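# got a sequence here, can you model it:
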Amino acid sequence: LTSLESLVLSENEFTGSLPNELNMLTNLRSLYIDGYTKDSKGIVGELLDFALLSDLTVLSLASNSLTGTIPRNLLGSSSQGKNSVIINFHSNRLSGSLPNELNRFEKLQIDVADNKISGIDKELCAMDGWMNGIVADFGCDAILCPAGTANVNGRQSNSALDCGICEGATLAPFFGSVECVPDETKMEARAILERFYFNCGGQKWS
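Purely as a prediction, here's the structure:
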């Protein structure tokens, strides 16, 4: 298996965490363990750094339940710094900031929307070659919509689909939100006021 170059394990019913043995597949160029169509929580636990896979150009682990932060040495030994690299961690439970160590990739396409990301290192927002060049047009928003905003992709991909501000009793607490969710605190406060209004005959107030 050490000579394997592509491993596709998507749309299975895998459970448990990522095995450390994946780091032994040193000739691997692409790895897919996505779960787009599955109702199960999929792979859990922390993300591996895949630091020994120098030739890996596609790493797709979308729609699982990975937790923890994105390792600062993710793909640390990569020889693909000037080539196109695709990282897809969409719809997991990853937290923390997007580390600036990723700036070693000049042409990175990274999708970490719909996680619990709390920030982006500003240096990454100047990586004009990222996201097929869209970062040059939209800066940080091309990587992730900022907290308090959202759109269906969790990032701005063109001028017609910007990161919309969450208004009223909704919020988007994390970077890369794909929708504005109800603000339970505001909704509870409103419900209390409505009960007070009706219980005190508010309909007859002048």
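
# CA only for contacts and neighbour counts going forward, please
Noted.

# for this structure, what spans make up the helices?
Residue ranges of the helices in the chain, as given by DSSP state H, are 135-138, 184-199.

# so what's Leu4 up against?
By Cα atoms under 8 Å, 6 or more residues apart in numbering, the residues touching Leu4 are Leu25, Asn27, Leu28.

# of the helices of the chain, which shows the lowest average pLDDT?
The minimum mean pLDDT among the helices of the chain belongs to helix 184-199 (a mean of 52).

# any regions of the chain where pLDDT drops low?
184-206 (pLDDT under 70).

# circling back to that earlier point, tell me which of the contacts of Leu4 is nearest to Asp111?
Checking these against Asp111 by Cα to Cα gives Leu28 as the nearest, at 20.4 Å.

# now the residue lying closest to the closest one once chain neighbours are set aside. Its backbone dihedrals?
Leaving aside its chain neighbours, Leu28 sits nearest to Glu5 (4.0 Å; criterion: Cα to Cα, 6 or more residues apart in numbering). Per-residue torsions, Glu5: phi -110, psi -30 (degrees, to the nearest 10).

# Glu5 and Leu59, how far apart?
Computed as Cα to Cα, to the nearest Å, the Glu5 to Leu59 distance reads 12 Å.

# quick revisit: these two touch, right, the residue nearest to Leu28 and Ser30?
Yes. Look at Glu5 against Ser30 with Cα atoms under 8 Å: they come within range, at 6.6 Å.

# contacts only, for the spatially most central residue of the chain.
The centroid of the chain falls nearest to Val112 when counting by Cα atoms, centre = their mean (1.9 Å). With contact set as Cα under 8 Å, 6+ apart, Val112 has these partners: Asn88, Phe89, His90, Ser91, Leu144, Gly176.

# okay, now the third one: neighbour count?
Residues near His90, counting by other Cα atoms under 10 Å, number 23.

# that one contacts Lys116, correct?
No. Using Cα under 8 Å, His90 is not in contact with Lys116; the gap is 10.6 Å.
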